[in-house]
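S.K.: return atomic coordinates for the entry below.
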Amino acid sequence: RGWYWFSWTSFLRYSWGSMMLNQFAGEENGMLPIFYGDDGQAQNILEFYGMEGAIMNSIGACLGLLSGLIIAFSLVGVLGLKFIRHDKR
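M.R.: Residues are numbered from 1 along each chain as shown. Sure, this is the predicted structure:
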């Protein structure tokens, strides 16, 4: 499970998740059982792609975390530009 945490820092995870929820949550085409899990049970598209839980089942949470990641990575970039002396190399 070494790098499992890394997927939670991905911009694509939350932008893709919010688009999937916007397109398929509560819609007739999103509830069709078109996939099958490892146990042979029919799954809809949101279940198949793991859009479950408190975070990935909420557009607001996905967009909030996406905004937080943008702010955090921007802050790290600005601090790196300010405090890392590149002229000493």
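S.K.: please make it C-alpha for all contacts and neighbour counts, starting now.
M.R.: Will do.
S.K.: now the helix or strand hosting residue 55: average pLDDT?
M.R.: Residue 55 is part of helix 53-56 when elements are defined by DSSP states H and E. In this model, helix 53-56 has an average pLDDT of 86.
S.K.: next, the buried residues of that helix.
M.R.: The neighbour-count check on helix 53-56 (16 or more other C-alpha atoms under 10 Å) flags 55-56 as buried.
S.K.: would you map the helices across the chain?
M.R.: 11-24, 45-48, 53-56, 59-83 (DSSP state H).
S.K.: show me what the second one is packed against.
M.R.: Spelled out, it's helix 45-48. In terms of contacts (3 or more C-alpha pairs under 8 Å, 6 or more residues apart in numbering; DSSP states H and E), helix 45-48 is packed against helix 11-24, strand 35-36.
S.K.: that older thread, could you say what helices and strands the helix holding residue 55 packs with?
M.R.: With contacts taken as 3+ C-alpha pairs under 8 Å, 6+ apart, helix 53-56 sits against helix 11-24, helix 59-83.
S.K.: so what's the gap between that helix and the chain middle?
M.R.: 10 Å (C-alpha atoms, centre = their mean, to the nearest Å).
S.K.: pull that helix out as PDB, backbone CA atoms only.
M.R.: The C-alpha trace of helix 53-56 is given here as PDB (Å, rounded to 0.1, in the frame of the first residue of the first chain):
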ATOM      1  CA  GLY A  53     -18.000   7.400   0.500                       C
ATOM      2  CA  ALA A  54     -18.200  10.900   2.100                       C
ATOM      3  CA  ILE A  55     -15.700  12.600  -0.100                       C
ATOM      4  CA  MET A  56     -16.000  11.000  -3.600                       C
END
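S.K.: thank you kindly, that will do.
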